[in-house]
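**Q** Whatever this is, show me its structure:
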Amino acid sequence: MPRANRHHLPGHVWHVTHRCHKQEFLLKFARDRRLWRYWLYQARQRYGLCVLNYIVTSNHVHLLVRDGGGGEIARSMQLIAGRVGQSYNRRKARKGAVWEDRYHATAVQTGAHLARCLVYIDLNMVRAGVVKHPSEWEASGYREIQAPPDRYRVIDEQALLDTLEIGSVAELRECHRLWVEEALASDRASRDEWWTTAVAVGDRSYVDEVHRALGVRSPGRHVEQTGDTAWVRDDGASYGVDQRF
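**A** Alright, predicted model coming up:
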């Protein structure tokens, strides 16, 4: 898979989005979404990928990860995309790309902005009108956070506690549930484009810090702000507005 339009700043949390080739619904069957999650689990086992949240939709995926600085994000995305694509093509007796050649990554500030991103991911299929509540969608981190499976867990609970600045798993689950319920009852369930088109999202000081760290790699980009949320738009982001399904 060719190098994606993404940036590596170790220690940061990244919201990664990757869509199917030509936005086709190649993940419309549950078996393919489960396979993607299986290889996500394998990526955690093999490379130490630190997973904070995820959702697999019918034509794209969202993944929230913390970068440990060892190149594990790139290696994990290559592993997952490669194995899922091979399996799909073999089963369908088809040739050709299953994924877009590039995934997009947005740096997300820890704390309150990370909580908003977490909920944004959770509500993906609600925004699409497929389900009324994220608990109804199997291939999602929401279900794993609220009711962890006995085996094959992919979400790192301790890392999630640390990045959200929460003291216990019980508190995490209650806060997470309330954040989602509040979003469902307000316009925060709507799509905010910066989560999938920006280089970085957070408060102004955080975004300025990331912008400076990128240096010459972010020419012509300017910080924008809505309320307490600032972001730097990624001019090279290939994701359009229709990522909902």
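**Q** how deep is residue 24 tucked in, by neighbour count?
**A** When neighbours are counted by other Cβ atoms under 10 Å, residue 24 registers 13. No exception for glycine: its C-beta is placed from N, CA and C like everyone else's.
**Q** so what's it up against?
**A** With contact set as Cβ atoms under 8 Å, 6 or more residues apart in numbering, residue 24 has these partners: residue 59.
**Q** Please report phi then psi for it.
**A** phi -70, psi 150 (degrees, to the nearest 10).
**Q** and if you look at the one 3 residues further on?
**A** Dihedral angles phi and psi of residue 27 (degrees, to the nearest 10) take the values phi -110, psi 30.
**Q** ok, the most centrally placed residue in the chain to residue 223 distance?
**A** By Cα atoms, centre = their mean, the chain has its centre lying nearest to residue 63, at 2.6 Å. Separation of residue 63 from residue 223 (Cβ to Cβ, to the nearest Å): 25 Å.
**Q** Summarise which helices and strands the one helix or strand residue 116 maps to is packed against.
**A** Residue 116 is part of helix 112-122 when elements are defined by DSSP states H and E. The contact analysis (3 or more Cβ pairs under 8 Å, 6 or more residues apart in numbering; DSSP states H and E) places helix 112-122 against strand 13-19, strand 50-56, strand 60-66, helix 141-146, helix 157-164, helix 169-184, strand 198-202.
**Q** Which one of those lies nearest to residue 94?
**A** strand 13-19 (17.8 Å; Cβ to Cβ).
**Q** Distance from the chain centre to that closest one, please.
**A** 4 Å (Cα atoms, centre = their mean, to the nearest Å).
**Q** Repeat that for stretch 14-26.
**A** How far stretch 14-26 lies from its chain's middle: 11 Å, per Cα atoms, centre = their mean.
**Q** Buried residues, that stretch. List them.
**A** For stretch 14-26, the neighbour count (16 or more other Cβ atoms under 10 Å) marks 14, 15, 16, 17, 18, 19, 20, 23, 26 as buried.
**Q** Using CSV, write out every CA atom in that stretch.
**A** Coordinates of each C-alpha in stretch 14-26 appear next as CSV, following Å, rounded to 0.1, in the frame of the first residue of the first chain:
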residue,chain,number,x,y,z
TRP,A,14,-4.5,9.8,15.9
HIS,A,15,-8.0,9.4,14.4
VAL,A,16,-7.4,7.2,11.3
THR,A,17,-10.0,6.8,8.5
HIS,A,18,-9.7,4.4,5.6
ARG,A,19,-12.3,3.9,3.0
CYS,A,20,-13.0,1.1,0.5
HIS,A,21,-12.0,1.6,-3.1
LYS,A,22,-14.3,4.1,-4.9
GLN,A,23,-16.4,4.2,-1.7
GLU,A,24,-17.9,0.8,-2.7
PHE,A,25,-19.8,-1.1,0.0
LEU,A,26,-17.3,-3.9,0.2
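**Q** for the record, mean pLDDT for it?
**A** The pLDDT scores in stretch 14-26 average 95.
**Q** what does stretch 172-181 give?
**A** 97.
**Q** need the longest helix for this protein.
**A** Taking DSSP state H as the criterion, the chain has its longest helix at helix 72-92.
**Q** Flag every buried residue along it.
**A** Residues 72-74, 76-77, 79-81, 83-85, 87-88 are the ones in helix 72-92 that count as buried (16+ other Cβ under 10 Å).
**Q** list the contacts for the residue located most distally from the centre of the chain?
**A** Here the chain has its C-alpha centre computed as a mean, and the residue farthest from that point, by Cα atoms, centre = their mean, is residue 93 with 29.6 Å. By Cβ under 8 Å, 6+ apart, no residues touch residue 93.
**Q** Could you tell me the model confidence score at it?
**A** Predicted confidence (pLDDT) at residue 93: the value is 91.
**Q** Return the distance of it relative to residue 148.
**A** From residue 93 to residue 148 the distance is 37 Å (Cβ to Cβ).
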